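J.: below are the sequence and a predicted model; questions follow.
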Amino acid sequence: MTETDWDERFASGEYPRAPEPSPVLRAYEPSLPGGRALDVAAGTGRNAVFLADRGYDVDALDASAEGLRIVRERAAERGVADRVETVRADVSTYGFPTEAYDLVAMSYFHTLDRFADLVESLAPDGYLFVEGHLRSAAPSPSGPSDDRYRFAANELLRAGLGLSVRYYDETTAERPGDRRRATARLLAQKSSGGRQSYPTRPDEPARWPAGERDA
């Protein structure tokens, strides 16, 4: 899908203006360090506005001017415009800064070839959160039709093994309209050593919502 396609999709309202942040990111966020965050392929601000509302200074990166316009509007509506900086750029060619972010989040954008660059952009002890569509034996009406843009089983986990994995799952969630979605989710920390600090495990209801309203 091109930048123009996404601009039209965002402008038409076909894509939700205010999608929910990831339930896993939302649940773990209270145990994560604050600071500076990057929302990769931010869209209309699924994670960017949420993180700014939690006190992070956020760079929202996306190729769509229309999507970033909505991010700025939503941030202003939430009173956090001063904590959100929009960056219009193509994720596939963007020069990520080194050791700049305490948290990097990327939802439903498939770019394993930039995974090492995302890791490099983390400050020491920073966290990386990635979630994406998963290939599934059962039909998964939500998400891309081409498996090239879906993770294979354990593919995201293997990509994150250079970090200290704090959370990983591969699961299916029921969504409105019988649009099931198979998703892989990874939360990992850029840290090493035999003794480390660990985020508090969230309560079960927070980790496992009954359904997901985001696109």
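T.: That came through fine.
J.: partner strands of the longest strand belonging to the chain, parallel or antiparallel?
T.: Using DSSP state E, we find that the single longest strand of the chain is strand 122-133. When sheet partners are counted by DSSP bridges, strand 122-133 sits next to strand 101-107 (parallel), strand 181-189 (antiparallel).
J.: now these as CSV including distance to Ala60, mean neighbour count and mean pLDDT?
T.: Any C-beta I mention is one placed from the backbone N, CA and C, and that applies to glycine too. Below are the strands paired with strand 122-133 laid out as CSV (distance: least, CB to CB, whole Å; neighbours: other CB atoms under 10 Å; pLDDT from 0 to 100):
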stretch, distance to Ala60, mean neighbour count, mean pLDDT
strand 101-107, 10, 25, 97
strand 181-189, 20, 23, 90
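J.: what is the burial count for Arg78?
T.: Neighbour count of Arg78, defined by other CB atoms under 10 Å: 16.
J.: where are the low-confidence patches of this protein?
T.: Within the chain, the segments meeting pLDDT under 70 span 1-4, 13-18, 137-147, 149, 174-179, 203-215.
J.: counting contacts, what elements does the lengthiest helix in the chain pack onto?
T.: In the chain, taking DSSP state H as the definition, the longest helix is helix 65-77. Of the remaining helices and strands, those touching helix 65-77 by 3 or more CB pairs under 8 Å, 6 or more residues apart in numbering; DSSP states H and E are helix 3-12, helix 48-53, strand 57-62, strand 84-88.
J.: which stretch among the ones you listed comes nearest Tyr167?
T.: Using CB to CB as the measure, helix 48-53 is the one of the helices and strands packed on helix 65-77 that comes nearest Tyr167, at 16.9 Å.
J.: quick one: buried residues of the closest one?
T.: Going by neighbour count (16 or more other CB atoms under 10 Å), the buried part of helix 48-53 is Ala48, Val49, Phe50, Leu51, Ala52, Asp53.
J.: counting contacts, what elements does that helix pack onto?
T.: strand 36-40, strand 57-62, helix 65-77, strand 84-88.
J.: would you reformat the ones you listed as CSV and include distance to Trp6 and mean neighbour count?
T.: As requested, those are exported to CSV (distance: least, CB to CB, whole Å; neighbours: other CB atoms under 10 Å):
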stretch, distance to Trp6, mean neighbour count
strand 36-40, 15, 27
strand 57-62, 8, 25
helix 65-77, 6, 19
strand 84-88, 12, 19
